[in-house]
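Visitor: Pasting the sequence and the predicted coordinates here, then a few questions.
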Amino acid sequence: MSAHDSHPTGLSRWLFTTNHKDIGTLYLWFSFTMFLVGGAMAMIIRAELWQPGLQLVEPHFFNQMTTVHALVMVFGAVMPAFTGLANWQLPLMIGAPDMALPRLNNWSFWLLPFAATLLVLSLFMPGGGPAAGWTLYPPLTVQGGMGMDFTILAVHILGMSSILGSINIIATILNMRAPGMTLMKMPLFVWTWLITAFLLLASIPVLAGAVTMLLTDRHFGTHFFDAAGGGDPVMFQHIFWFFGHPEVYILVLPAFGVFSQIIPTFARKPLFGYTSMVFATATIAFLSFIVWAHHMYTVGMPMAGELFFMYSTMLIAVPTGVKIFNWMATMWRGSMTFETPMLYAIAGVFLFAVGGVTGLMLSITPADFQYHDTYFVVAHFHYTIFAGSVLALMGAAYYWIPKWTGHMYNETLGKTHFWLTMIGFNLTFFPQHFLGLAGMPRRIPDYALQFTEFNQWSSVGAFILGAAQLLWLYILIKTVKGGEKATDKVWEGAEGLEWTVPSPAPYHTFSTPPQVR
């Protein structure tokens, strides 16, 4: 065998791999590690908020925890996890031998651990890490120590990884589909990732520009966001949210793709309304770019601006409603079974809808003046991103792990993990709606006495939620090391809707097996 054909083992296999499955695995384990790191920060936040007064941490450190928790979860956990799923599944779903740019793929991943290290190290710098919320608003970010510079550099490198990954995904989907697979025959997970990749390419450079201007304001005497020098701190908010709003859809569209793979399998029916799902996804992506200032109703923009952003925000409910209707119609009169992946998909759709309803409340300009920067926003955000993205990721892990490892996970433990996660999540975040409506501000380590009980419920829920993820780690390791052998048809009875061929059936039936070029 020539050296060219040799397969490296051990450390060099993982360092130099260009294999899409290995790189997918690296992404998934990296994101799980960051999920636990970000979760530990959330535990510190909830422990501090157990009762009024200051217990465990200094207010400045508390603010660093809220900031880095969010940055770690968004850029370190959720985005890399979906990129890991894309690496594993896209070539298999479109009949490609690998990703289009395998070496670039390797580099995209290896940027991440270095960026994450910088982000976590920012907490240990003189003056501490960023304490401005994940939105990094000046003037809070123009002051502060070296930790802020570490954060800016980390965000740059994380963004670079996302851009390279997106280029690779677009190149793969557009150039490497099997013969006969037109765009409108692709599985929905592939479609959602294609659209997400374009969103990333359009929005991440905007964030890079914003943090570069912050950096020059901090060190090179510019005054982009410094009112005393003729700059405008509100301009930062516009630039940031022009990235930040598409970003939340970057986190959630691949999750919609996951729901669209799991639900037909366990309903044993093809996905209802495939074409409308594709167009709804594209519509959501387009609208996500014209609604950014709904995060900024309180900055004093003109009434015409507030009305534009209010109505365009409400409009997003239409394509989102189409998707939810189609998932329900897929389940309607299907031969449903409720294995762990299906439980996650159903819970994800339902709880995301709850987040959507609170999002509509927040879209109403005069009402938002009351909700802005309260715990109501924290509750809304977690019902969309945890329920939308993270539950989809959990469901996807259970759904595809037999394919990845050849082993079946323990169904009883999987369901236990699901119910603990559900109880913990809802106990944590549902009371926060009431706290916010009663006026409790977010990102503050102390609160008035009347908020104690709801905060204690919330903290108990958070610790249940955190403990449940240690069970998940156990389930994953046990499955990888060797559970019961997975059969050819893992999800029994789902003939034709199986992931052994691209799914679901009517849109992906080949007269001959697809030939890999």
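Guide: The structure has been received and is ready for your questions.
Visitor: Next secondary structure after the helix or strand hosting Leu11?
Guide: Per DSSP states H and E, Leu11 falls inside helix 10-16. Following helix 10-16 in sequence order, the next helix or strand is helix 20-48 (DSSP H and E).
Visitor: Would you mark the buried spots in that following helix?
Guide: Going by neighbour count (16 or more other C-beta atoms under 10 Å), the buried part of helix 20-48 is 20, 22-35, 37-39, 41-46, 48. C-betas here are computed from N, CA, C, even on glycine.
Visitor: Just after the helix or strand hosting Ile477, pick out the following helix or strand.
Guide: Using DSSP H and E, Ile477 maps to helix 452-482. Next along the chain after helix 452-482, taking DSSP H and E as the criterion, comes strand 484-485.
Visitor: Mind listing residues that contact that following strand?
Guide: By C-beta atoms under 8 Å, 6 or more residues apart in numbering, the residues outside strand 484-485 that reach it are Gly406, His407, Met408.
Visitor: quick one: which of those residues is nearest Pro187?
Guide: Gly406 (21.7 Å; C-beta to C-beta).
Visitor: Would you mind putting the CA coordinates of stretch 259-268 into PDB?
Guide: Extracted in PDB, the C-alpha atoms of stretch 259-268 (Å, rounded to 0.1, in the frame of the first residue of the first chain):
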ATOM      1  CA  PHE A 259     -37.200  18.600  13.000                       C
ATOM      2  CA  SER A 260     -38.000  18.100   9.300                       C
ATOM      3  CA  GLN A 261     -35.900  14.900   9.200                       C
ATOM      4  CA  ILE A 262     -37.000  13.400  12.500                       C
ATOM      5  CA  ILE A 263     -40.800  14.000  12.400                       C
ATOM      6  CA  PRO A 264     -41.500  12.200   9.100                       C
ATOM      7  CA  THR A 265     -39.400   9.200  10.200                       C
ATOM      8  CA  PHE A 266     -41.500   8.600  13.400                       C
ATOM      9  CA  ALA A 267     -44.800   9.700  11.900                       C
ATOM     10  CA  ARG A 268     -44.000   7.200   9.100                       C
END
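Visitor: longest helix of this protein?
Guide: When the chain is scanned for its longest helix (criterion: DSSP state H), the result is helix 233-267.
Visitor: shaky segments in this protein?
Guide: 1-6, 492-517 (pLDDT under 70).
Visitor: Spell out which residues sit in contact with Phe243, please.
Guide: Here Phe243 is in contact with Ser203, Ile204, Val206, Leu207, Ala210 (criterion: C-beta under 8 Å, 6+ apart).
Visitor: which helices and strands does the strand or helix carrying the last one pack with?
Guide: Translated: Ala210. Under DSSP H and E, the secondary-structure element containing Ala210 is helix 188-219. For helix 188-219, the packing partners by 3 or more C-beta pairs under 8 Å, 6 or more residues apart in numbering; DSSP states H and E come out as helix 79-94, helix 146-175, helix 233-267, helix 274-287.
Visitor: For His380, which of these is the nearest?
Guide: helix 233-267 (10.7 Å).
Visitor: list the buried ones in the closest one?
Guide: So helix 233-267, judged by 16+ other C-beta under 10 Å, has buried residues 233-234, 236-267.
Visitor: Repeat that for stretch 266-283.
Guide: Across stretch 266-283, burial judged by 16+ other C-beta under 10 Å covers 266-274, 277-278, 280-283.
Visitor: can you list contacts of that stretch?
Guide: 184, 188, 191-192, 195, 253, 256, 260, 263-264, 318-320, 322-323, 325-327, 329-332, 334-339, 341-342, 345, 491, 493-494, 497, 504-507.
Visitor: what about it, distance to the chain center?
Guide: Offset of stretch 266-283 from its chain centre (C-alpha atoms, centre = their mean, to the nearest Å): 21 Å.
Visitor: Next: stretch 272-288.
Guide: On C-alpha atoms, centre = their mean, the centre of stretch 272-288 falls 18 Å from that of its chain.
Visitor: Leu56 and Ile44 touch, don't they?
Guide: Yes - proximity of Leu56 to Ile44 meets the contact threshold set by C-beta atoms under 8 Å, at 7.1 Å.
Visitor: Show me the common contact partners of those two, please.
Guide: Joint contacts of Leu56 and Ile44 (C-beta under 8 Å, 6+ apart) do not exist.
Visitor: Give me the angle between the helix holding Ala210 and helix 79-94.
Guide: Between helix 188-219 and helix 79-94, the angle comes out at 150 degrees (axes from the mean of the first three to the mean of the last three C-alpha atoms, to 10 degrees).
Visitor: For the stretch 301-450 of the chain, which segments count as helices?
Guide: Remark: helices assigned in the stretch 301-450 of the chain by DSSP state H, counting those that start in this stretch are 303-315, 317-331, 340-363, 365-371, 375-384, 391-405, 411-437.
Visitor: Just give me how far the longest helix of the chain sits from the chain centre.
Guide: 7 Å.
Visitor: now stretch 306-326
Guide: 20 Å.
Visitor: And stretch 39-51, by the same measure?
Guide: The answer for stretch 39-51 is 21 Å, by C-alpha atoms, centre = their mean.
Visitor: Numbering from 299 from now on, please.
Guide: With 299 as the first residue, the last one maps to stretch 337-349.
Visitor: Residues touching it, excluding its own?
Guide: 352-355, 360, 363-364, 366-367, 370, 726, 743, 745, 750, 753-754, 756-757, 760-761, 764, 767.
Visitor: For Gly734, see how far away the nearest residue to Leu733 once chain neighbours are set aside is.
Guide: Distances taken as C-beta to C-beta, 6 or more residues apart in numbering put Tyr673 closest to Leu733, at 4.2 Å, once the chain neighbours are dropped. Separation of Tyr673 from Gly734 (C-beta to C-beta, to the nearest Å): 4 Å.
Visitor: Overlap in contacts, these two.
Guide: In contact with both Tyr673 and Gly734: Arg740, using C-beta under 8 Å, 6+ apart.
Visitor: More neighbours: these two, which one.
Guide: Using other C-beta atoms under 10 Å as the criterion, Tyr673 and Gly734 rank with Tyr673 on top: 29 against 23.
Visitor: hang on, that one packs against Gly737?
Guide: No - Tyr673 lies out of contact with Gly737 (C-beta under 8 Å); the separation is 9.1 Å.
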